[in-house]
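In: using only what follows, build the 3D model:
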Amino acid sequence: MVDAPPGGFAGPVKRSVTIAGHQTSISLEPVFWDALEAAAAERSLPLNALVAAIDHARIGADGPPNLASAIRSWLMSR
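Out: Predicted coordinates for the structure are as follows:
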C-alpha cells in the first residue's frame, strides 16, 4: 500500500519568474517549488537566477525539454 505524502497530493501551481529580463510562468507542484527555493538558498542565489541557470543548461541540451520538466529533472538529479 502507498500512503499519501504529508499534506496530501497537490497539483501544479503557476508562478511567474524572470529570465534574462523576460517574464515567463512555470507550473510546478508545491513540493518542487519548495525544493527549488531551498536549492537557491543553498547557493545564495535568487530563485530567478537559479531558474535562469537551469534554463541555460536546458537550452544547450540535445532535444531540450520544456522548462518545468528541466527543473524537475535537475532537482531530482542533485
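In: need the phi and psi values for the residue lying closest to P64 once chain neighbours are set aside.
Out: Once flanking residues are discounted, P64 sits nearest to R58: 4.8 Å by C-beta to C-beta, 6 or more residues apart in numbering. For glycine as for every other residue, the C-beta is placed from the backbone atoms N, C-alpha and C. Backbone dihedrals for R58, given as degrees, to the nearest 10, come out at phi -60, psi -50.
In: burial measure for R58, as a count.
Out: Neighbourhood size, R58 [other C-beta atoms under 10 Å]: 17.
In: return the residues in contact with it.
Out: Residues in contact with R58 (C-beta atoms under 8 Å, 6 or more residues apart in numbering) are 64-65, 67, 70.
In: how much space between it and R72?
Out: Look at R58 and R72: by C-beta to C-beta, to the nearest Å, they are 11 Å apart.
In: host element of the most centrally placed residue in the chain?
Out: Nearest to the geometric centre of the chain sits I71, at 3.8 Å (C-alpha atoms, centre = their mean). Using DSSP states H and E, I71 sits within helix 67-77.
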